[in-house]
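S.K.: all I have is the shape, not the residue letters:
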């Protein structure tokens, strides 16, 4: 067996056809030792006991990876790639910051700024262990192509939504919205990294006819419709006033719930709405960090799981670190629900690992494409160094990956079998040059946008508080 020290590991991982022999492989919710895993043509093509796999591929040298775990790449089921210039501008802000920060910012970004924002976000996602993100759409008409270019260059898989908001438009405009939606889904059919999707920002932002038709187009194309629903008290009350129904009820009336719909947040859900999600097969993106930073509530993710509602984890563009996201997901459930009921397990480690990988892939319509190390699926995976103090000694790797692991352990990120990051940095493009340009462009863009902050920045808050 070829040892990494005989050929630099980075170069060895950059080949078109690989036989990997990691110390551990994360297969179907558990770590398995002694496996051989073949990557060919961007997919996993053979998996099994190493000696058996070697016998089937006699001309392919095995790359020994002692002290390393090969695991599926993480799936971010709810992101906003063109909002990365905002970052801490939203810290300490009350809910519905899209009105005061995100919409003004996105609408004042030109094509170059949108591209830079999306590529920066893609880099952050890859560094955090995400190999796939579901982008819920941008308010800028130039943004879609900018996002597609950025994720292709960065090597990030993306479920890319076109926003279909048409409330207040006339009949001709509504027809145009649906025509553009169909063209968008057709445009990305068969693309290597970009998967077409449609979105409605919030249910009341679209007419019932358009929202229902967008859902139907997604069903026909095998894509997902992404909608923010039941996220904040303000949005629930606005829906009641404007449409006479809570957001999920409004979506049901419009025919927009079902297995091809991905609802972001769903933090404010009644028992009846939980059953509605279950009975329609609608998926939910659980965004625990967003709840902590700007939300009114925490989605009852464990109850949703118990009911069989498809679930993934989402960052909502808050922080692209998959390990911290899983930790936040478990912690939020424990604080919001587990403590009151004496549930000391709160899903254990495997629940959040599955939700962050295979479950997330299923929720955003890519369950047959990625999210697991399995024959036929895209080779979207991470090589994790397990020889670190945080994991020594190791007794329960499932729990340890959720609570103790960190992105600094990610040695390599592969997407579609191609090495995209090595020790946190791209292998084929200059990330530091990108960051230098971002620093200049972002300052200009933020200064030009009519952003309205409610909360003082940290230093000003300290002075106001007399600290």
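M.R.: In hand now; what should we look at? Values in this document were obtained by computation on a predicted structure and should not be read as measured data.
S.K.: tell me what the residue nearest the centre of the chain is bridged to.
M.R.: Most central residue of the chain, judged by C-alpha distance to the mean C-alpha position with CA atoms, centre = their mean, is residue 76 at 1.2 Å. Residues in a beta bridge with residue 76, per DSSP bridges, are residue 133.
S.K.: shouldn't it be in contact with residue 135?
M.R.: No. With contacts counted by CB atoms under 8 Å, residue 76 stays clear of residue 135, the gap being 9.1 Å. The way it works is simple: take the backbone N, C-alpha and C, and place the C-beta from them, glycine included.
S.K.: what separates the worst-scoring helix or strand of the chain on mean pLDDT from the chain centre, distance-wise?
M.R.: Least confident helix or strand of the chain, by mean pLDDT, DSSP states H and E, is helix 97 with a mean of 74. Between the mean C-alpha point of helix 97 and the mean C-alpha point of its chain there is a distance of 20 Å (CA atoms, centre = their mean, to the nearest Å).
S.K.: what's the helix or strand just after that helix in contact with?
M.R.: Sequence-wise, the next helix or strand downstream of helix 97 (DSSP states H and E) is helix 103-107. When contacts are taken as CB atoms under 8 Å, 6 or more residues apart in numbering, the neighbours of helix 103-107 outside the stretch itself are 82-83, 85-86, 114, 138-140, 143, 445-446, 449-452.
S.K.: show the average pLDDT along the helix or strand just after helix 103-107.
M.R.: The first helix or strand that comes after helix 103-107 along the chain, using DSSP H and E, is helix 111-127. Averaged over helix 111-127, pLDDT sits at 95.
S.K.: buried set for helix 111-127?
M.R.: With burial defined by 16 or more other CB atoms under 10 Å, the residues of helix 111-127 counted as buried are 113-127.
S.K.: which helices and strands sit right next to that helix?
M.R.: Helices and strands in packing contact with helix 111-127 are listed as strand 74-79, helix 143-154, strand 410-415, strand 418-422, helix 431-448; criterion 3 or more CB pairs under 8 Å, 6 or more residues apart in numbering; DSSP states H and E.
S.K.: at 6 Å what do you get?
M.R.: Using 3 or more CB pairs under 6 Å, 6 or more residues apart in numbering; DSSP states H and E as the contact criterion, the elements in contact with helix 111-127 are helix 143-154, helix 431-448.
S.K.: of all the ones you listed, which one is nearest residue 374?
M.R.: Within the helices and strands packed on helix 111-127, the stretch nearest residue 374 is helix 143-154; the backing value is 23.4 Å (CB to CB).
S.K.: okay, the angle between whichever helix or strand comes after that closest one and helix 111-127?
M.R.: Toward the C-terminal end, the helix or strand that comes next after helix 143-154 (DSSP H and E) is strand 157-163. Following axes from the mean of the first three to the mean of the last three CA atoms, to 10 degrees, one obtains 140 degrees for the angle between strand 157-163 and helix 111-127.
S.K.: can you list the strands that strand 157-163 pairs with?
M.R.: Strands adjacent to strand 157-163 in the sheet, as given by DSSP bridges, are strand 130-135 (parallel), strand 194-200 (parallel).
S.K.: closest to residue 428 out of those?
M.R.: Closest to residue 428 of the strands paired with strand 157-163, according to CB to CB: strand 130-135, at 16.2 Å.
S.K.: next, the angle from the closest one to strand 418-422.
M.R.: Using the same axes, to 10 degrees: strand 130-135 against strand 418-422 is 100 degrees.
S.K.: show me what contacts the closest residue to residue 114 other than its chain neighbours?
M.R.: Once flanking residues are discounted, residue 114 sits nearest to residue 146: 3.8 Å by CB to CB, 6 or more residues apart in numbering. Contact criterion CB atoms under 6 Å, 6 or more residues apart in numbering gives 111, 114-115, 118 as the residues in contact with residue 146.
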